[in-house]
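In: coordinates only, no sequence provided:
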């Protein structure tokens, strides 16, 4: 199929808006909160549909001007090269004839699909589906359809096998620009129509915030996962779904029947076990010996290979359970905090404003606190995935990581309790007059700032791979006692933190 005129599509015209939305998630006109925890430097732009169309038109115009082609031919080239204008120019100027032949942009005469006569490109009109018709035949076809009445509003290509719809074509073309290109991606939140252009080459984080308030990783399109990388997230999520964990559970929690070898779970207090039918073998759970010849089994015996494997499986599943439970807990706590924030903004903030005779604009520190809680829960959740894959033999790193994580988690729990419980004392119809809202205001603001600092320190340390405690031969030669070196690291981390009154 050959392509020529501009009649196929006309996306290079129309009103163009330039209101680009940067650093979405929560609009700056509504909140003071800033996500200072994320490693991302906000090097991305959120695009509405008209913004994407403008980008698309600019690329079409660039190719059309550079190669002296029509907008239609430029569009066909961009589709073939997955919307990479720079690649088109390189290939075109290297071998124009080959590209014309490959894509179907030829300089030969074209046959009209109605009268079947041969015409030059200037004498041919095309519809959105790409079928060619001479100007005379196309004008006559349109005129006839208009004379038929209102049905002309749904006029389609006269080609019998063509069912292309112009609006649908434009929609597909827009989707193609985003989905086949490499610089823009749709927001993965269900129902969201925004796309995001990421320009943070060299950035260690791909976390972005859409205008719909959904935060995600631009690289892997999973939920935002600072401070862990995409590979760790992929491994962790796969492990959570992996059926091999069932095998580990069987090895850890059961023992094989000495006779039929089926796994048996102990569900009673005594060690007298009975295998189910048809085996019916009776044995001692502790030593696996038959009850018929069983005596005392209190003497220690070296583990055999099977028992050693079972203990290792138990240790492995206990370790995984430790990290998974805390990962899942922080995820559920985050979702609960999101729900609490929605309720606070829709109902309770106004109640607080009425009770304190203060405008809502002066109470925005409460919203900042909730937004900080939500972000910290997300970060803390992924630190448990980080901890699971941190090598156990890297003792210094693990101790430092757990210290930073513990400090951050303690600060977050204090902030969450203050926002969740102590703020309730100042909303509703009955408020205790003895309670001082000014004191709570100072406390909540302090807790928000300090918690943010804890998490900034944690994210920065993980981002650097805990390099501050990297074990090397030089530090080993100093032979500094481990407890003393760790104490120094604790003091180093504590320096510069803002002091505050620690409430219950």
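Out: Looks like it came in fine. No experiment lies behind these values; they were computed from the predicted model shown.

In: give the next helix or strand downstream of the longest helix belonging to the chain.
Out: If you go by DSSP state H, the chain has its longest helix at helix 305-343. As assigned by DSSP states H and E, the chain's next helix or strand after helix 305-343 is helix 349-356.

In: could you look up the next helix or strand downstream of that following helix?
Out: helix 364-389.

In: and the angle from the following helix or strand past that following helix to helix 364-389?
Out: Reading on from helix 364-389 to the C-terminus, the next helix or strand found by DSSP H and E is helix 395-417. Helix 395-417 and helix 364-389 are oriented at 150 degrees to each other (axes from the mean of the first three to the mean of the last three Cα atoms, to 10 degrees).

In: packing partners of helix 395-417?
Out: Secondary-structure packing of helix 395-417 (3 or more Cβ pairs under 8 Å, 6 or more residues apart in numbering; DSSP states H and E): helix 364-389, helix 437-463, helix 482-494. No exception for glycine: its C-beta is placed from N, CA and C like everyone else's.

In: list the buried ones in the longest one?
Out: Using 16 or more other Cβ atoms under 10 Å as the test for burial, helix 437-463 gives 437, 440-441, 443-444, 446-459, 461-462.

In: check the first one too.
Out: Within helix 364-389, the residues that qualify as buried are 366-388, counting by 16+ other Cβ under 10 Å.

In: what's the domain layout of this structure?
Out: 64-164, 168-243, 323-468 (the TED database).

In: dump those to a markdown table, plus distance to residue 275 and mean pLDDT.
Out: Output for these, formatted as a markdown table (distance: least, Cβ to Cβ, whole Å; pLDDT from 0 to 100):
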| stretch | distance to residue 275 | mean pLDDT |
| --- | --- | --- |
| domain 64-164 | 62 | 80 |
| domain 168-243 | 25 | 84 |
| domain 323-468 | 32 | 90 |
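
In: those domains into TSV, with extra columns for distance to residue 53?
Out: TSV is the format used below for the domains of the chain (distance: least, Cβ to Cβ, whole Å):
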stretch	distance to residue 53
domain 64-164	13
domain 168-243	7
domain 323-468	32
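
In: out of those, nearest to residue 47?
Out: In terms of Cβ to Cβ, the element of the domains of the chain nearest to residue 47 is domain 168-243, at 4.6 Å.

In: hmm, back to that, adding distance to residue 77, write the helices and strands packed on helix 395-417 out as JSON lines.
Out: What follows is these, written out as JSON lines (distance: least, Cβ to Cβ, whole Å):
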{"stretch": "helix 364-389", "distance to residue 77": "43"}
{"stretch": "helix 437-463", "distance to residue 77": "41"}
{"stretch": "helix 482-494", "distance to residue 77": "56"}
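
In: residue 309: neighbouring residues, count only.
Out: Residues lying near residue 309 (other Cβ atoms under 10 Å) number 12.

In: ok, it to residue 239 distance?
Out: Distance, residue 309 to residue 239, using Cβ to Cβ, to the nearest Å: 20 Å.

In: ok, now residue 133?
Out: 59 Å.

In: more neighbours: which of these two?
Out: For residue 133 versus residue 239, the count of surrounding residues by other Cβ under 10 Å is larger for residue 133: 26 against 16.

In: contacting residues for that one?
Out: 112-114, 124-127, 141, 158 (Cβ atoms under 8 Å, 6 or more residues apart in numbering).

In: please redo it, this time with the cut-off set to 6 Å
Out: 112-114, 125 (Cβ atoms under 6 Å, 6 or more residues apart in numbering).

In: give me the phi and psi for it.
Out: phi -140, psi 140 (degrees, to the nearest 10).

In: that one pairs with what?
Out: residue 125 (DSSP bridges).

In: backbone dihedrals for the spatially closest residue to residue 217 that is not a sequence neighbour, please?
Out: Spatial nearest neighbour of residue 217, excluding adjacent residues (Cβ to Cβ, 6 or more residues apart in numbering): residue 206 at 4.8 Å. Note on residue 206: its backbone torsions stand at phi -110, psi 10 [degrees, to the nearest 10].

In: measure residue 206 to residue 198 for me?
Out: 7 Å.

In: kindly report the same for residue 355.
Out: Residue 355 is 44 Å from residue 198, by Cβ to Cβ.

In: between those two, which has more neighbouring residues?
Out: Neighbour totals were compared for residue 355 and residue 198, and residue 198 leads with 18 against 15 (other Cβ under 10 Å).

In: OK, contacts around the more buried one?
Out: Shown in contact with residue 198 (Cβ under 6 Å, 6+ apart): 44, 218.

In: can we see that at 8 Å?
Out: 43-44, 183, 185, 206, 208, 218.

In: got it, and residue 324?
Out: Taking Cβ under 8 Å, 6+ apart as the test, what residue 324 contacts is 240, 384.

In: now with 7 Å, please.
Out: residue 240 (Cβ atoms under 7 Å, 6 or more residues apart in numbering).

In: does residue 257 really touch residue 280, like I thought?
Out: No - between residue 257 and residue 280 there is no contact under Cβ atoms under 7 Å: 10.1 Å.

In: higher neighbour count, the two?
Out: Taking other Cβ under 10 Å, residue 257 and residue 280 do not tie; residue 257 has more neighbours (18 against 10).

In: for the more buried one, which non-adjacent residue is closest in space?
Out: Nearest non-adjacent residue to residue 257, counting by Cβ to Cβ, 6+ apart: residue 275, 4.5 Å away.

In: is it true that that neighbour touches residue 281?
Out: Yes - using Cβ under 7 Å, residue 275 is in contact with residue 281, at 4.4 Å.

In: got any residues that touch both of the two?
Out: Residues touching both residue 275 and residue 281 by Cβ under 7 Å, 6+ apart: 257, 259-260.

In: now, which of those sits nearest residue 234?
Out: Using Cβ to Cβ, residue 257 comes nearest to residue 234 of those, at 38.6 Å.

In: mind listing what the closest one touches?
Out: Here residue 257 is in contact with 264, 275, 279, 281 (Cβ under 7 Å, 6+ apart).
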